[in-house]
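Visitor: Pasting a predicted model and its sequence here:
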Amino acid sequence: MRIDRSILGLMALVLFVGCRKDRPERPTTPPIDVGSTGGVYITNEGNFGWGNASVSYYDITTGAAAEDLFQPANGVALGDVCQSMRLFNGKGYLVMNNSNRVVVVDPQSFVVSATITGFNSPRYLLPVSNGKAYVTDLYAGAIAILDLATNSITGSIPCPGSTEELALAYGKAFVTNQSRPYVYVVDSATDQLVDSIAVGAPNGSIVEDAHGKLWVLSSGYLGQGITPALHRIDPATRTVEQSFSFPFGASPWRLTIDGTRTVLHFLNNGVCRMPIDAFALPADPIIPANGRNFYGLGVHPISNEVYVADAIDYVQRGMVYRYTPGGSELTSFQAGIIPGGFCFQ
C-alpha cells in the first residue's frame, strides 16, 4: 500500500525530534485585513500530534501575508492537522483531521461561531444543499451527514474504506477513496450509497470540468505494480469514458482545475498542466520541482494563477510559490507548518 505523504512527514518529524526536544516556535505576525474578496487561505496541517495547525492568508492586492489567522482571533490554537477548508454561505468550515472536529469561523474575523464534534478522522466537507453537508473520514467506514443550521451530525452513510474528496453532479455525491479502487456514488436526496465506479486505488482527487465530466486521479501502488491513471467519468451514466495511464515510477496527486474548468493541474515531480481535450498526458511539468517538496496545489478561479506549497522538511514553516498560468514565478511567501491546501475567496 502506498504510504500517505502526511505519514512521510510524520516519519521525518520523528527523526527530527530525536535530535531536538523543543517544538518549533510560532512566530508572531502582524494583523492583516481579511477582505471579502481577493484573498487566499492556506491550510497548514502542522506536525501530527503537536496541535500546531494553522490557516495562513495571502492578500493578492497588497502582497501581505499572515502565518495564522486563527490564534490571534480566538486566543487558542486551532488544533491538530488542518486537513481542508470550505467556504459556504458566508462561513468558513475548517476540517480538523486529528482533532476529530469541524470548526466553523467567520471568514473575515476568523472568530469561531461553532464547533462540530463526533467525527473519527474527518477529511473533506461538501455542501449538498443549503442546509446539509457531507464529511468524509479516514477510518470511520462512513460519511457523516451534517445539519448546517444546527452545526451537528445527524446521521451517517456507510461507505467502505478511507473516503476522501467529493464532487456533486446530477444530485449525486461522487466520493473518492484512498483504500478502495472505486469512486462511490451517494444519492444526496436519500443519503443512500447507490453505486460504485471502478477506477483503481488509491484515488483521492476529483474535479468537474466545463462539460460536466468528472476527472479522478488514481495514484496507484508502486510496490504492487498498480499503475497510476487519470480517469474521465460521465456522471450521468456513471461510467469511465477515458483513462490515461502514467509511466512506471510516476507519482501523481493533488488534481485540481482552473477557473475556466478546461485545464487540469496536478503534482508529479512538479506542476503538470493538461487541457481537458488533450489526447495524452503531459510529457513534462510546466513548473519543475527542482528539489523542492511540493505538497499542495491550487489554481485561482478567476486569474488562473497557480499556487504551489512547499512543505520543505515537514518541520519548519513552509513556502508558497505563486505563478502565472504559463508557469512564470510571480512571488513567494512563508505559510505555516506543512501547507497542504488552498481556499480562494
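Guide: Good, I have the coordinates. Numbering: from 1, shown residues only.
Visitor: mind listing the strands for the stretch 101-250 of the chain?
Guide: Counting by DSSP state E, counting those that start in this stretch, the stretch 101-250 of the chain has strands at residues 101-105, 112-117, 122-127, 132-137, 142-147, 152-158, 163-169, 172-177, 182-187, 192-198, 203-208, 214-218, 229-234, 239-245.
Visitor: Using CSV, lay out the ones you listed together with mean neighbour count, mean pLDDT and distance to residue 67.
Guide: C-betas here are computed from N, CA, C, even on glycine. Output for the strands of the stretch 101-250 of the chain, formatted as CSV (neighbours: other CB atoms under 10 Å; pLDDT from 0 to 100; distance: least, CB to CB, whole Å):
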stretch, mean neighbour count, mean pLDDT, distance to residue 67
strand 101-105, 22, 98, 16
strand 112-117, 16, 98, 19
strand 122-127, 23, 98, 24
strand 132-137, 24, 98, 27
strand 142-147, 21, 98, 29
strand 152-158, 14, 98, 31
strand 163-169, 22, 98, 26
strand 172-177, 25, 98, 30
strand 182-187, 22, 98, 36
strand 192-198, 15, 98, 40
strand 203-208, 22, 97, 26
strand 214-218, 26, 98, 30
strand 229-234, 20, 98, 34
strand 239-245, 14, 97, 38
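Visitor: In TSV, list the ones you listed along with distance to residue 43.
Guide: Listed next are the strands of the stretch 101-250 of the chain as TSV, based on distance: least, CB to CB, whole Å:
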stretch	distance to residue 43
strand 101-105	11
strand 112-117	16
strand 122-127	11
strand 132-137	15
strand 142-147	19
strand 152-158	22
strand 163-169	14
strand 172-177	18
strand 182-187	24
strand 192-198	28
strand 203-208	15
strand 214-218	19
strand 229-234	24
strand 239-245	29
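Visitor: who are the neighbours in contact with the closest residue to residue 188 other than its chain neighbours?
Guide: Using CB to CB, 6 or more residues apart in numbering and skipping residues adjacent in sequence, the residue nearest residue 188 is residue 128, 4.0 Å away. Residue 128 is in contact with 134, 168, 173, 188, counting by CB atoms under 8 Å, 6 or more residues apart in numbering.
Visitor: picking that back up, wait, which of the strands of the stretch 101-250 of the chain is closest to residue 81?
Guide: strand 122-127 (9.9 Å; CB to CB).
Visitor: So residue 109 sits against residue 73, correct?
Guide: Yes: assessed by CB atoms under 8 Å, residue 109 is found in contact with residue 73 at 5.9 Å.
Visitor: ok, the two, which is more surrounded?
Guide: Between residue 109 and residue 73, residue 73 has the larger neighbour count (other CB atoms under 10 Å), namely 17 against 12.
Visitor: Return the distance of the closest residue to that one other than its chain neighbours relative to residue 68.
Guide: Nearest residue to residue 73, sequence neighbours excluded (CB to CB, 6+ apart): residue 110, at 4.1 Å. Counting by CB to CB, to the nearest Å, the gap from residue 110 to residue 68 is 9 Å.
Visitor: Now for these two: what residues contact both?
Guide: The contact lists of residue 110 and residue 68 share residue 55, where a contact means CB under 8 Å, 6+ apart.
Visitor: so which pair among the contacts of residue 128 is furthest apart in space?
Guide: 134 and 168 (9.1 Å).
Visitor: okay, and the common contacts of those two?
Guide: Residues touching both residue 134 and residue 168 (CB under 8 Å, 6+ apart) are 126, 128, 188.
Visitor: Just put these in JSON lines and tack on distance to residue 32.
Guide: Compiled in JSON lines, the shared contacts of residue 134 and residue 168 are given as follows (distance: CB to CB, whole Å):
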{"residue": "126", "distance to residue 32": "28"}
{"residue": "128", "distance to residue 32": "33"}
{"residue": "188", "distance to residue 32": "37"}
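Visitor: Check the residue nearest to residue 188 and give its pLDDT.
Guide: Reported pLDDT at residue 128 in the predicted model: 98.
Visitor: For the stretch 1-150 of the chain, just list every one of the helices.
Guide: 5-17, 70-74 (DSSP state H, counting those that start in this stretch).
Visitor: Can you flag the weakest of these by average pLDDT?
Guide: Across these, the lowest-scoring stretch is helix 5-17, with a mean of 41.
Visitor: Residues in contact with stretch 67-79: which ones?
Guide: Residues outside stretch 67-79 that contact it (CB under 8 Å, 6+ apart) are 26-27, 29, 31-32, 34, 41, 44, 46, 51-57, 94, 96, 98-99, 101, 103, 105, 109-112, 317, 334-336.
Visitor: Using PyMOL, define a selection of the buried residues within those.
Guide: PyMOL command restricting the contacts of stretch 67-79 to the buried ones, with burial defined by 16 or more other CB atoms under 10 Å:
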select buried, resi 26+29+32+34+41+44+46+51+52+53+54+55+56+57+94+96+98+99+101+103+105+110+112+317+335+336
